[in-house]
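[1] What follows is a predicted structure for the sequence shown.
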Amino acid sequence: MRVGMFKGSLRLLGIASQIMNKSIHIGRAGGYFQTMNTPAGQVVEHILENGWEHHYILFYGDLSLELKTLSKLTDLPLTLL
């Protein structure tokens with residue numbers, strides 16, 4: 001999930017994914033995740049072509065309904081991938 005600023009306006013991005021049960025060997029928090037609804041290459045392409053900032057928030061569970069509600073209540077555009 002990402003709340004981003006684009007051309008002076010806020011917007012929302014949700015990416016359905018799951019954390020993989022695969023060990024990672026770095027000295028900080030990290031993990032591997034797999035996209036669920038949109039192929040990873042298309043997700044990266046969308047992020048780069050549409051000026052999304054880096055650093056995303058990971059949540060447990062499917063929050064697509066909550067993101068749709070937040071988008072509707074705040075009138076912020078939502079992209080779900």
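    Perfect, thanks for sending it. Numbering: from 1, shown residues only.
[2] mind listing the helices for this protein?
    40-49, 64-74 (DSSP state H).
[3] okay if I get the ones you listed as CSV plus distance to residue 56?
    Bear in mind the C-beta positions are built from the backbone N, C-alpha and C, glycine included. Output for the helices of the chain, formatted as CSV (distance: least, C-beta to C-beta, whole Å):
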stretch, distance to residue 56
helix 40-49, 9
helix 64-74, 13
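[4] Switch those over to JSON lines; also include mean neighbour count, mean pLDDT and distance to residue 19.
    Output for the helices of the chain, formatted as JSON lines (neighbours: other C-beta atoms under 10 Å; pLDDT from 0 to 100; distance: least, C-beta to C-beta, whole Å):
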{"stretch": "helix 40-49", "mean neighbour count": "13", "mean pLDDT": "96", "distance to residue 19": "14"}
{"stretch": "helix 64-74", "mean neighbour count": "13", "mean pLDDT": "97", "distance to residue 19": "17"}
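[5] how about those, which one is nearest residue 16?
    Nearest to residue 16, of all those, is helix 64-74, at 7.0 Å by C-beta to C-beta.
[6] helices or strands next to that closest one in the packing?
    On a contact count with 3 or more C-beta pairs under 8 Å, 6 or more residues apart in numbering; DSSP states H and E, helix 64-74 meets strand 9-14, strand 78-80.
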